[in-house]
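Peer 1: Predicted model and sequence below, questions to follow.
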2 protein chains.
Amino acid sequence: MSVTTAETVARPGRPRDPSLDVAICRAALDLLADVGYAALTMEAVAAAAGVGKATLYRRWPAKEQLVVDALATLAEPVEVPAGASAREQLVALLETQQRRSGSLAGRILPRLLSAAVENPELLARYRAQVVEPRRARLRSVLAAAVDEGLVRPDVDLDHAADLLIGPVAYRNLLRTDPPAAPDFVRRVVDDVLTGLHP
Amino acid sequence: MSVTTAETVARPGRPRDPSLDVAICRAALDLLADVGYAALTMEAVAAAAGVGKATLYRRWPAKEQLVVDALATLAEPVEVPAGASAREQLVALLETQQRRSGSLAGRILPRLLSAAVENPELLARYRAQVVEPRRARLRSVLAAAVDEGLVRPDVDLDHAADLLIGPVAYRNLLRTDPPAAPDFVRRVVDDVLTGLHP
DNA sequence: GGGTTGCGGAACGGTGCCGTACCGGATGGG
DNA sequence: CCCATCCGGTACGGCACCGTTCCGCAACCC
């Protein structure tokens, strides 16, 4: 499902400018993060993208499809320091996630949690684009932790990922004050790894 | 800060009907859960409460103050089975929280996570009314777990509460499918308690 | 019982977004 | 070349909600 629903079949006349697709999607994501889904407006997207309203409606019939496609362009690189121990890699992953709570994807999440009540597909896209890649990275590091003898081999890695992500993400979402202690992530990793230790 | 800002000083004329305060607040909370904060409308609140708009504006100048006061009326009883072991009490607490993800307070949370970007006070009220009581209950049960020798005495109970609540709440918020396994909560409690064991 | 306030309901002008439809110009395919 | 389509911009009628105001009546204090 490409961003533009137009078929690649050659059509007469001037072709659509592909760079406008990305500009529109980018503007939609920015606005989604800034004002939320309910307040997101086709007019505002057009203005932010420097585009006429007709250009939007020519490609997307309504806000929902636009945002769904825009979310498909949302991706974050998930890198992890090579050569470090599994424990250090887990700490690094979670600290990156914590630090990114103010990033584009991070600011979009609470908006989508609300919008998902009416439109579950929006959140499903976000999970596929952002949450699942993070979890996959986490699982692979946890598998390395099993190899290191740090985690019991019978542990469900998906469940272990929940134990690690949950506390960090929940605190970020709830904006609990005071903000998490500097060693918060490390303590989470230590406590969870102790619980999963052979 | 009472719901109605009117002073208790006697005033001439017909006094305000206190039952309308609760009807309005209840309607506001229902609408908040159903349509979200951005789409919540003074007109809709008035209609749902069976009240004229003037009655609303006589008490609250704007939507924000109304919702803040309405949230102050939000409270859930947090009971825990007496006589059970600390472990069983923890499982019961978290399962209750999980079951209540569809309750009024549970449906309001994602709406407030989005609204809190513009209006942090809304989420602060929710934390004070809903989150903090739950955490307090959790801390007291964890203290009992320390007395039972189930948890090390030097463990930060607040941090332990994060480890327990985080995974459960995060899964509920993200609506991860498939829905959590039936023994999900028990496994979380078991793993965390193992990590905090003496 | 008179003056004052509360109440539901209806109406007001103003504003912002909807989705559509044009315009004049640009761009590329047949 | 010619014409279909794309582009930015503007305008349109319609609709929903805003916050206020007025009405007619009810309820209460002094």
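Peer 2: Structure's in. What do you need? Numbers count the residues shown, from 1 in each chain, chains lettered A, B, ... in the order given.
Peer 1: Need the pLDDT of the residue in chain A positioned nearest to DNA strand D.
Peer 2: Per CB to the nearest atom of the strand, residue A:13 is where chain A lies closest to DNA strand D, at 2.1 Å. (Glycine included, C-beta is placed from N, CA and C.) Confidence at residue A:13, expressed as pLDDT, is 84.
Peer 1: do the same with residue A:78
Peer 2: pLDDT, read off for residue A:78, is 86.
Peer 1: On the three-state scheme, the residue lying closest to it once chain neighbours are set aside is what?
Peer 2: Distances taken as CB to CB, 6 or more residues apart in numbering or on different chains put residue A:137 closest to residue A:78, at 4.6 Å, once the chain neighbours are dropped. Put simply, residue A:137 is helix when judged by DSSP: H, G, I helix; E, B strand; the rest coil.
Peer 1: so residue A:137 sits right up against residue A:80, yeah?
Peer 2: Yes. Here residue A:137 reaches residue A:80: they are 6.4 Å apart, a contact under CB atoms under 8 Å.
Peer 1: anything in contact with each of those two?
Peer 2: residue A:93 (CB atoms under 8 Å, 6 or more residues apart in numbering or on different chains).
Peer 1: residues near the residue of chain A closest to DNA strand D, how many?
Peer 2: 5 (other CB atoms under 10 Å in any protein chain shown).
Peer 1: next one: phi and psi at it?
Peer 2: Main-chain torsions, residue A:13, degrees, to the nearest 10: phi 90, psi -180.
Peer 1: cool, and residue A:41?
Peer 2: The phi/psi pair for residue A:41 (degrees, to the nearest 10) is phi -130, psi 140.
Peer 1: Residues of chain A that sit close to DNA strand D?
Peer 2: A:6, A:11-17, A:20, A:50-55, A:58 (CB under 7 Å from any atom of the strand).
Peer 1: now for these, which pair is the farthest apart?
Peer 2: A:12 and A:50 (26.8 Å; CB to CB).
Peer 1: if you count what's nearby, which of those two comes out ahead?
Peer 2: residue A:50 (11 against 5).
Peer 1: still on that earlier bit, DNA strand C next: which of the residues of chain A next to DNA strand D are close?
Peer 2: A:12-15, A:52-54.
Peer 1: How are the helices of chain A distributed by residue range?
Peer 2: Counting by DSSP state H, chain A has helices at residues A:18-35, A:42-49, A:53-59, A:63-72, A:86-99, A:104-115, A:120-126, A:132-147, A:157-174, A:184-195.
Peer 1: want to throw these into CSV with mean neighbour count and mean pLDDT?
Peer 2: What follows is the helices of chain A, written out as CSV (neighbours: other CB atoms under 10 Å in any protein chain shown; pLDDT from 0 to 100):
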stretch, mean neighbour count, mean pLDDT
helix A:18-35, 19, 98
helix A:42-49, 17, 98
helix A:53-59, 15, 97
helix A:63-72, 20, 97
helix A:86-99, 19, 97
helix A:104-115, 23, 98
helix A:120-126, 19, 97
helix A:132-147, 17, 97
helix A:157-174, 22, 98
helix A:184-195, 20, 98
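Peer 1: can you tell which of those is closest to residue B:66?
Peer 2: helix A:104-115 (18.5 Å).
Peer 1: So which other helices or strands are in contact with the closest one?
Peer 2: helix A:18-35, helix A:120-126, helix A:157-174, helix B:104-115 (3 or more CB pairs under 8 Å, 6 or more residues apart in numbering or on different chains; DSSP states H and E).
Peer 1: So which of the ones you listed is nearest residue B:194?
Peer 2: Among the helices and strands packed on helix A:104-115, helix A:157-174 sits nearest to residue B:194 (CB to CB), with 10.9 Å.
Peer 1: before we move on, the earlier item: specify which member of the residues of chain A next to DNA strand D is nearest to residue A:98.
Peer 2: Of those, the one sitting nearest to residue A:98 (CB to CB) turns out to be residue A:50, at 34.3 Å.
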